[in-house]
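**Q** need coordinates for the following:
(chains A, B, C and D)
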2 protein chains.
Amino acid sequence: MAPKVTIKTVAAQAGVSEATVSRALNDSPQVKPATRRRIRQLAQDLGYHPNGLARSIRTQRTNTLGVIIPDILNNFFTKISRAIEDTAAQAGYNVLLVNTDEHLDREADAIDLMLEKQAAGIIIASAGDATDYATRLGTTPAVFVDRMPPAQLVPHFDRILVDNIRGTQELVSEMLAQGAQRIGILNSAVSTTATERLTGYHQALKRAGIAFDPAIEVAARSDNSNVAQMTRQLLVNQQCDGLLAADNTIANGVLRKLPDLHLHGVHLGSFDDQDWFDFLPQPIVTAKQPIAAIGQTAVERLIARINEPTLAPEEFRLTAQIITHRLTADQVQTD
Amino acid sequence: MAPKVTIKTVAAQAGVSEATVSRALNDSPQVKPATRRRIRQLAQDLGYHPNGLARSIRTQRTNTLGVIIPDILNNFFTKISRAIEDTAAQAGYNVLLVNTDEHLDREADAIDLMLEKQAAGIIIASAGDATDYATRLGTTPAVFVDRMPPAQLVPHFDRILVDNIRGTQELVSEMLAQGAQRIGILNSAVSTTATERLTGYHQALKRAGIAFDPAIEVAARSDNSNVAQMTRQLLVNQQCDGLLAADNTIANGVLRKLPDLHLHGVHLGSFDDQDWFDFLPQPIVTAKQPIAAIGQTAVERLIARINEPTLAPEEFRLTAQIITHRLTADQVQTD
DNA sequence: CTGAAAGCGCTAACAC
DNA sequence: GTGTTAGCGCTTTCAG
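**A** Got it, this is the predicted structure:
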């Protein structure tokens, strides 16, 4: 193990005090340009790297942002993570990432971890509404994205969300416009999200003068283990000619089950888009979330709050865009 | 801002010394169970969280692993990140993640960042071979995954890779078995990976008694900006009836271009699999990498090296699995 | 412009 | 069993 080179090493070698080295390296204006250059060169030569932990403990601030999400494999969270990292990096922050798989205890542990690491702020896609975030987070700035625990649990926090009601309403309306007559909804397991998306679904039906049928409003389990069965339930037993999957993981499950059912002309809808939907043999209508904008807004808002902790909490609602993916017939090779 | 509660606060409230609090919280066996319980309860009540930075600076170790990848949006890196986080978490480590977009300077910055954060170890999917990793990393343990800079640049480091030669050889052989006669390769921009995959391609052709044709061995730019054009080049101009995309991002580009060309019965191959390939209207053969195993091996090896820095560097080669995705005709809805 | 000294929060010897 | 003390590497007054 090479002897570690600290600021003391550099100071000794340069024949100056540690304070001067520190100043030189931090571009303090009050150090002679000549010494500054000399010290920097020396530090480079010695392979000196400042110890960020020591600095942070001294300055009482880190440039670490904690990001807590259910699962990076979920395309939505992949994209938001990238947007978060990009925006954070641009502002000089780094990202500590934790997946919770929707487990509340892992989320709680993750929050504790972020506090121990002295994260400057935390972005949370919450796994549920059982946690008392205000207590758990203490004074650490935090913003919630995508999921929103009931407002009374997160009174002090910003929330960056898509407009679920409007997005779903427009999505269902588009499915109806494309000829669907009886659209079942396979809803999300996330409570507030599900409530909002169901509301949008109802709004669209009401506008079209279609009566609700509770029998075709079902919910996925949070592990999606019932999606295949529910897909059959809606499309076969309940004779739906349209099916709205309330998030991308549910949509995946539906797409995977669909071939087994040997149906044709089913109107598919998905809240949230995926790039490869372009390649699907059957058409699908999606509400494409502005994921990058959500991530970016979350970071910007979080940093604003880090710099000004007394900012009044706000809820941001971004708008989804309705898209129809449809392959033209001659693009299909059945081989 | 609430006054921050440190170990000193707890000690004062409990009427004991900081040392005792520290011992109680760290489950030191030499503290009376009664006081231990009392202190823990008090710490909880006060909302005390140990400052991990202070601890790390004192103990000279962190439980942070740095992960440097080109782009988490690339499905391969999404999956490996998850595997890394899972394995790391299980061993008590956390993950600091940085995307480089294949930029060498950003990779270098990322390494510096990891050193400043005192990462216990680093996992790198290298953006290139221009960096002198040995110098840059100093004594920080590191393992390379997926990409391998030329061996002389990474003599002291472990490498966890897929068996590119064998995987490609088997992949191409399968395409030939399925009837392809003239398979073009749209190769990776990553140098060592490309070399190996080309070797495998050649091996398969040679075994089948097919002569090489340099005209149908082309490479993608690292931003894939020429993939559409090269797809046309191979399938139209060069009359290939098969096309091997050497990684998943290239495969995406090929799939996106394909419909424009109005071809039928093209034999598609992709090094690396994607879950949604199951939904494609045309068949595709893939070499599915054991991504989770790569990530897990990388972390295990890294941790082993953290604990035993003198471990001899090793290269691990995991085997890819050949898979054919084919939709049956009646699953296709042209609508 | 530079140095001396204090201290961030914690743990690890070393006492008692 | 518990307290005292020192010090990890750094920045920041305060002197000069």
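
**Q** quick one: the strands in chain A?
**A** Under the criterion DSSP state E, chain A contains strands at A:64-69, A:94-99, A:121-124, A:142-145, A:158-162, A:183-187, A:217-219, A:242-245, A:267-271, A:284-288, A:315-318, A:321-325.

**Q** kindly export the third one (C-alpha atoms) in CSV.
**A** Coordinates of the C-alpha atoms in strand A:121-124 are reproduced here as CSV (Å, rounded to 0.1, in the frame of the first residue of the first chain):
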residue,chain,number,x,y,z
GLY,A,121,-30.9,16.3,-0.5
ILE,A,122,-33.0,13.3,-1.4
ILE,A,123,-35.3,12.4,-4.3
ILE,A,124,-37.8,9.8,-3.4
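
**Q** are that strand and chain B in contact anywhere?
**A** No: Strand A:121-124 is not in contact with chain B by C-beta under 8 Å from any C-beta of the partner chain; minimum separation 12.9 Å. Any C-beta I mention is one placed from the backbone N, CA and C, and that applies to glycine too.

**Q** what strands flank that strand, and is each parallel or antiparallel?
**A** When sheet partners are counted by DSSP bridges, strand A:121-124 sits next to strand A:64-69 (parallel), strand A:142-145 (parallel).

**Q** what does the last one give?
**A** Within its sheet, and counting by DSSP bridges, strand A:321-325 is paired with strand A:284-288 (antiparallel).

**Q** contacts for the partner strand, please.
**A** Here strand A:284-288 makes contact (C-beta atoms under 8 Å, 6 or more residues apart in numbering or on different chains) with A:167-168, A:170-171, A:174-175, A:178, A:251, A:267-274, A:277, A:320-325.

**Q** do that again at 7 Å, thanks
**A** Among residues not part of strand A:284-288, those counted as contacts by C-beta atoms under 7 Å, 6 or more residues apart in numbering or on different chains are A:167-168, A:170-171, A:174-175, A:178, A:268-273, A:277, A:320-325.

**Q** repeat that for stretch A:141-149.
**A** Residues from elsewhere that reach stretch A:141-149 (C-beta under 7 Å, 6+ apart): A:80, A:121-126, A:129, A:133, A:154, A:157-161, A:190, A:192-193, A:294, A:298, A:301-302, A:305-306, A:309.

**Q** of those, select the buried ones using a PyMOL command.
**A** The buried residues among these can be selected in PyMOL (16 or more other C-beta atoms under 10 Å in any protein chain shown) with this line:
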select buried, chain A and resi 80+121+122+123+124+125+126+129+133+154+157+158+159+160+161+190+192+193+294+298+301+302+305+306
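
**Q** and chain A, which residues reach DNA strand D?
**A** Proximity of chain A to DNA strand D (C-beta under 7 Å from any atom of the strand) is limited to residues A:4, A:6-8, A:18-19, A:22-23, A:25-26, A:50-51, A:54-55, A:57-59.

**Q** now do 6 Å
**A** Applying C-beta under 6 Å from any atom of the strand, one finds that chain A approaches DNA strand D through A:4, A:6-7, A:18-19, A:22-23, A:26, A:50-51, A:54-55, A:57-59.

**Q** could you pick out the buried ones from those?
**A** Using 16+ other C-beta under 10 Å as the threshold, A:6, A:7, A:22, A:23, A:50, A:51, A:54, A:55, A:57 are the buried ones among the residues of chain A next to DNA strand D.

**Q** okay, those in CSV with distance to chain B next?
**A** Formatted as CSV, those follow (distance: C-beta to the nearest C-beta, whole Å):
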residue, distance to chain B
A:6, 11
A:7, 13
A:22, 14
A:23, 18
A:50, 6
A:51, 6
A:54, 5
A:55, 8
A:57, 5
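
**Q** where in the stretch 151-300 of chain A is pLDDT low?
**A** A:151-154 (pLDDT under 70).

**Q** where does it get nearest to DNA strand D, which residue?
**A** Nearest to DNA strand D, among the residues of the stretch 151-300 of chain A, is residue A:299, at 23.8 Å (C-beta to the nearest atom of the strand).

**Q** that residue contacts residue A:86, doesn't it?
**A** No: in this structure residue A:299 lies outside contact range of residue A:86 using C-beta atoms under 7 Å: 8.6 Å.

**Q** alright, I will stop here.
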